[in-house]
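Participant: Give the three-dimensional model of this entry:
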Amino acid sequence: MDAKKLEEQSVLFADKFYNDIVKSVERIDKKLVAEIALLLFNAKENGKQIFFFGNGGSHSIATHLTCDLGKGTKITGKKNQKFYKVFALDSEAWLTAQANDGKEPFTEGDYPGTYNHGYDGIFVGQMENFIQKGDIAFGISSSGNSPNVVNALLYAKEKGATTVAMVGFDGGKAASIADKVILVATDKGKYGIVEAVHEVIHHYIYELAKKLEAGE
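Facilitator: All right, here's what the predicted structure looks like:
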């Protein structure tokens, strides 16, 4: 393929890709996203903990959200400010140790969900040390079917936490479990679209959090 033809095809693909993202953003339930952002803010005000978790690209979004809410919402000079007690379930040592343990700690411990491998419990194994009633478990998954995300949502619900799922495609199992669901509806396999829009939602939540913190 010659250079001119390649450039033309690249431009056509870019147009379609960006148009798909714009359409997906336009279909977001913005009222629901605002409610969830306020849910996180109120959790912070009431001293509750918030746990973010996901795999791959969703794992990166979870850590990014944790950083933004935990550090980025602090206002210099604001006295007695309450901070977001946010945790990304991303400890490399803990993740790999938990995955290496196998399924037995979970199947023999009678945890809710399905465990075929230690990896299916990597988020439950971290979260269980800290989670309390009234906390928030926020799972991120494009498919909504990642066993470790689904298991974590089930475990959190059992412990009395509020569960949030930010998902794509048709929502998967996570959408049927979580108390609140942010769905970026796409054809299955459209990871690039879903993760891009999840990042838009992430930054909306963060920017609103800053405004709420500032009393604007």
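Participant: any idea of the pLDDT on the residue most central in space within the chain?
Facilitator: Nearest residue to the geometric centre of the chain (CA atoms, centre = their mean): Ile140, 3.1 Å. Ile140 carries a pLDDT value of 98.
Participant: What sits closest to it if chain neighbours are left out?
Facilitator: Gly54 (3.5 Å; CB to CB, 6 or more residues apart in numbering). Any C-beta I mention is one placed from the backbone N, CA and C, and that applies to glycine too.
Participant: For the one you found, give me its contacts.
Facilitator: By CB atoms under 8 Å, 6 or more residues apart in numbering, the residues touching Gly54 are 61-62, 139-141, 146, 149.
Participant: List the buried residues in the strand or helix carrying Leu65.
Facilitator: Taking DSSP states H and E as the definition, one finds Leu65 inside helix 57-70. Within helix 57-70, the residues that count as buried by 16 or more other CB atoms under 10 Å are 57-62, 64-66, 68-70.
Participant: again, but for stretch 153-173
Facilitator: Quick answer for stretch 153-173 (16+ other CB under 10 Å): 153-157, 161-169, 171-173.
Participant: same check, this time on stretch 123-131
Facilitator: Across stretch 123-131, burial judged by 16+ other CB under 10 Å covers 123-127, 131.
Participant: go on, stretch 184-195?
Facilitator: Buried residues in stretch 184-195, counting neighbours by 16+ other CB under 10 Å, are found at 184, 186, 190-191, 193-195.
Participant: Got phi/psi on Val181?
Facilitator: The phi/psi pair for Val181 (degrees, to the nearest 10) reads phi -130, psi 120.
Participant: Quick check: it touching Gly172?
Facilitator: No - contact between Val181 and Gly172 fails when scored by CB atoms under 8 Å: they sit 10.1 Å apart.
Participant: what's the farthest-apart pair in the buried residues of stretch 123-131?
Facilitator: Distances among these were taken as CB to CB; the most separated pair is Gly125 and Ile131, at 11.5 Å.
Participant: helix/strand/coil for Val184?
Facilitator: strand (DSSP: H, G, I helix; E, B strand; the rest coil).
Participant: thought it was touching Ala165?
Facilitator: No - contact criterion CB under 8 Å: Val184 and Ala165 do not qualify, at 11.3 Å.
Participant: Other residues contacting the helix or strand bottoming out on mean pLDDT in the chain?
Facilitator: Lowest by mean pLDDT, DSSP states H and E among the helices and strands of the chain is helix 3-26, with a mean of 91. Applying CB under 8 Å, 6+ apart, the contact partners of helix 3-26 are 1, 184-186, 190, 192-194, 196-197, 200.
Participant: How about stretch 166-186?
Facilitator: Identification of contacts with stretch 166-186 by CB under 8 Å, 6+ apart yields 20, 24, 27-29, 32-33, 35-36, 39, 138-146, 149-150, 153-154, 157, 162-165, 187-191, 193-195, 197-198, 201.
Participant: could I get stretch 168-177 in CSV with only the CA atoms?
Facilitator: Below are the C-alpha coordinates for stretch 168-177, written out as CSV (Å, rounded to 0.1, in the frame of the first residue of the first chain):
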residue,chain,number,x,y,z
GLY,A,168,-18.9,-1.4,28.9
PHE,A,169,-20.4,-3.7,26.1
ASP,A,170,-23.6,-5.0,27.6
GLY,A,171,-22.6,-4.6,31.2
GLY,A,172,-21.9,-8.2,31.9
LYS,A,173,-22.4,-9.8,35.3
ALA,A,174,-21.2,-6.8,37.2
ALA,A,175,-24.1,-4.7,35.9
SER,A,176,-26.5,-7.2,37.5
ILE,A,177,-24.7,-7.1,40.8
